[in-house]
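Trainee: here's a sequence, model it:
(chains A and B)
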Amino acid sequence: MNPQMDSPSDQDLMRLLAGGDTQALTILVRRHQQQVLSLATRLLGRVEDAQDITQQTFVRVWRAAPDWRDEALFTTWLYLIVVNLCRDARRAALRRPAPAYRPASTDLPATPDRAPIERDEQARIIRQAIDALPQRQRTALILQRYQGLNHTQVAQATGWSVSAVESLLVRAYANLRPRLRDLWENAD
Amino acid sequence: MKHLSELELVLWASGQVPAGNRPELARHIEQCPECAARARELTQSWALLGQWTPQAPEVDLTAAVLAQVRQEARSHTVVVPLRRWVWPMTKLAAAVALAAGVGHTAGRLSWQPPAPINSAPVDQQQVLADLQLNVLGSLSPAGLAAAMDSLHDAVDDAAKNEVNG
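Mentor: Residues are numbered from 1 along each chain as shown, chains lettered A, B, ... in the order given. Okay, here's the model as predicted:
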C-alpha cells in the first residue's frame, strides 16, 4: 500500500484490495468490524453467531473486491452482506433439527456460551419488543435506528424498495409504541 | 389542518427530516397538539430504543479473517483457473456438438442415393475386340509376335493420322 495514504477511504481500500493488497483488507476489518458485529448481534441475538457472521462478511468482501463497483456507500453494501448472511443463518438454524433455534427474544440465563446481550431490565424489555416485531420490520428498524441508515440506504442494504422500507418502519414504530409505553411513562 | 403523516413523524423523531422541510414540520408540530403528542411519543420511543446496546465483546477478528482468506487463496490457486476455463470450454464443446448435430441432420436430409450401376452381363469378346486383343487368344507364339507387329503398326498409323489430321 502507498505509505502516503494516511487515511484511505473505503473506496480506495476496495480498489487496493481488488489489486490483491491484503493490507487494505486489514484496515477495512479494523475499521468496520465493531459495527458489523453490533448489527449481526442485534439481528441474530447470539454473540458467537455474530462473530462468525462478521468473519464471513469480510471474507465475502475480499472475494467480491475484484468485481466491486463504487456505486453505493461502502457501508451500505457491507450491511447488505451482513443482512443476507444473517437471514441465511436464521434459515439454516430453523432447518436444523436440534438444538432448536432460539430467537434472540428467548430469555436464557447467562451462561459461558451465551453472554448476556443487555445491561438491565429496561434494555431487556426493549430487546423483547424489537424481537417480537415481524422479521422485515425488525431488520428495517435495526438498520435505521442502530446503524444510522436513512430510508434509501436501508432499501439498498436490504434490496427492498424505498416505499416498502418506509411502510415497514412506520409499522415497526407503531407496533413498538404499546410495548414501550410503560417504559416512557415510568421515565416521566 | 392536515396532520403530518406517520412517516413524517418517524423521520422527525429520528432526525432524518431533510433540512429544507424541517422548519415547516417544526411549525406544524408547534401548532397542532395532536401531531405534537404523536411526535413526542415517537421521540421517546427513539430515545428508549437507544438503550439497547448489545454488549458484543471487543474482539479483533482481523487475524481470523486473514487466515481464512489465505486458506481460500491457496485453494483457489488451482480452483480459479479451472473455474475460469470450465465454462468457456463447456460452451465451446456444446457449440461443436451442436454444429456436428446440425451438419449430420442436414447431410441426412439432403442425401440422395447414387444412380444404380448397370449390371448387364459383360460381353467378353466385344471387350477384347474393342481393345484389339482378340487376336491374342488364337495365335501361336510365332503368330503372336507377328500380331504384336501389326498392332504396333496400327498404333503408329493412328498416331500419324492424328498428327496429319
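
Trainee: for chain A, which segments are assigned as strands?
Mentor: Ranges of strands in chain A, per DSSP state E: none exist.

Trainee: quick check, central residue of it?
Mentor: A:L39 (2.7 Å; Cα atoms, centre = their mean).

Trainee: dump the residue contacts of it.
Mentor: A:Y79, A:V82, A:V83, A:I142, A:L143, A:Y146, A:Q147 (Cβ atoms under 8 Å, 6 or more residues apart in numbering or on different chains). Heads up, the C-betas are built off the backbone N, CA and C, glycines and all.

Trainee: what's the burial count for the second one?
Mentor: In other words, A:V82. By other Cβ atoms under 10 Å in any protein chain shown, the residues close to A:V82 number 27.

Trainee: separation between it and chain B?
Mentor: 13 Å (Cβ to the nearest Cβ, to the nearest Å).

Trainee: quick one: low-confidence residue ranges for the chain.
Mentor: By default, I'm working from chain A. Where chain A drops to pLDDT under 70, the residues are A:1-5, A:97-119, A:186-188.

Trainee: look at chain B instead
Mentor: Low-confidence segments of chain B (pLDDT under 70): B:1, B:56, B:76-85, B:116-120, B:133-144, B:147, B:163-165.

Trainee: apply 80 and report the result again.
Mentor: B:1, B:54-57, B:76-88, B:111-165 (pLDDT under 80).

Trainee: tell me which parts of it are close to chain A?
Mentor: Proximity of chain B to chain A (Cβ under 8 Å from any Cβ of the partner chain) is limited to residues B:6-7, B:10, B:13-14, B:16, B:41-42, B:44-46, B:48-62, B:64-66, B:68-70, B:72.

Trainee: and B:Q132, what is it in contact with?
Mentor: B:L151, B:A154.

Trainee: did I read that right, it in a strand?
Mentor: No. Assigned with DSSP: H, G, I helix; E, B strand; the rest coil, B:Q132 falls outside any strand and is coil.

Trainee: can you pull out the helices in chain A?
Mentor: According to DSSP state H, chain A carries its helices in the segments A:10-18, A:22-44, A:47-64, A:74-95, A:121-131, A:135-145, A:151-158, A:162-187.

Trainee: next, see if the first one gets close to chain B.
Mentor: No. Counting by Cβ under 8 Å from any Cβ, chain B is not contacted by helix A:10-18; separation bottoms out at 10.0 Å.

Trainee: which secondary structure elements does that helix contact?
Mentor: With contacts defined as 3 or more Cβ pairs under 8 Å, 6 or more residues apart in numbering or on different chains; DSSP states H and E, the packing partners of helix A:10-18 are helix A:22-44, helix A:47-64, helix A:74-95.

Trainee: outside of it, which residues touch it?
Mentor: Applying Cβ under 8 Å, 6+ apart, the set of residues contacting helix A:10-18 is A:1, A:5, A:8, A:23-25, A:27-28, A:31, A:61-62, A:65-66, A:68, A:70, A:74-75.

Trainee: tell me the angle it makes with helix A:22-44.
Mentor: 120 degrees (axes from the mean of the first three to the mean of the last three Cα atoms, to 10 degrees).

Trainee: could you do the last one as well?
Mentor: Here helix A:162-187 points in a direction 60 degrees away from that of helix A:22-44 (the same axes, to 10 degrees).

Trainee: which one of the helices of chain A lies nearest to B:Q112?
Mentor: Checking the helices of chain A against B:Q112 by Cβ to Cβ gives helix A:47-64 as the closest, at 58.8 Å.

Trainee: mind putting the helices and strands packed on helix A:10-18 into JSON lines with distance to A:M14?
Mentor: JSON lines is the format used below for the helices and strands packed on helix A:10-18 (distance: least, Cβ to Cβ, whole Å):
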{"stretch": "helix A:22-44", "distance to A:M14": "7"}
{"stretch": "helix A:47-64", "distance to A:M14": "8"}
{"stretch": "helix A:74-95", "distance to A:M14": "7"}
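
Trainee: do you know which of the helices of chain A lies nearest B:W111?
Mentor: helix A:47-64 (53.7 Å).

Trainee: can you give me the offset of the strand or helix carrying B:S150 from its chain's centre?
Mentor: B:S150 belongs to helix B:141-164 when assigned by DSSP states H and E. Here helix B:141-164 is found 71 Å from its chain centre; the criterion is Cα atoms, centre = their mean, to the nearest Å.

Trainee: circling back: just among the contacts of A:L39, which is most surrounded?
Mentor: Neighbour max across the contacts of A:L39 (other Cβ under 10 Å) = A:L143, 29 neighbours.

Trainee: thought it was touching A:V154?
Mentor: Yes. Here A:L143 reaches A:V154: they are 4.7 Å apart, a contact under Cβ atoms under 8 Å.
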